[in-house]
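Enquirer: Fold the stuff below for me.
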Amino acid sequence: MSAQSEGEYAEALQNYYEAMRLETDPYDRSYILYNIGLVHTSNGEHTKALEYYFQALERNPSLPQALNNTALICHYVRLSVP
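Expert: A predicted model of the protein is given here:
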């Protein structure tokens, strides 16, 4: 999380991918996937972010942060399309 909070998104992604490689618990993996989604959201990569939020929700359907961010992206994308 430190790299992400400092805007070091490439480093943060490397750390999260390593965490995904090591973590086996689906619940814990859902939070890692959610955080990967956050990085992509911060980079304006909404489609990629949605992919990770959906993967997080598959492992933890009641993850409110992922549900909220999915809704926000869908709303944002809908408003930005002519």
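Enquirer: From the centroid of the protein, which residue is nearest?
Expert: G37 (1.5 Å; C-alpha atoms, centre = their mean).
Enquirer: Give me the pLDDT for the residue lying closest to that one once chain neighbours are set aside.
Expert: Excluding its sequence neighbours, the residue lying closest to G37 (C-beta to C-beta, 6 or more residues apart in numbering) is Y52, at 3.6 Å. Using the backbone N, CA and C atoms, a C-beta is placed for each residue, glycine as well. Reported pLDDT at Y52 in the predicted model: 97.
Enquirer: Please shift the residue numbers so they start at 49 in all later answers.
Expert: Happy to do that; since the first residue is 49 now, the last one works out to Y100.
Enquirer: R69 versus the residue nearest to the centre of the chain, what's the distance?
Expert: 18 Å (C-beta to C-beta, to the nearest Å).
Enquirer: Where do the helices of the protein begin and end?
Expert: 50-53, 57-70, 74-90, 94-107, 112-128 (DSSP state H).
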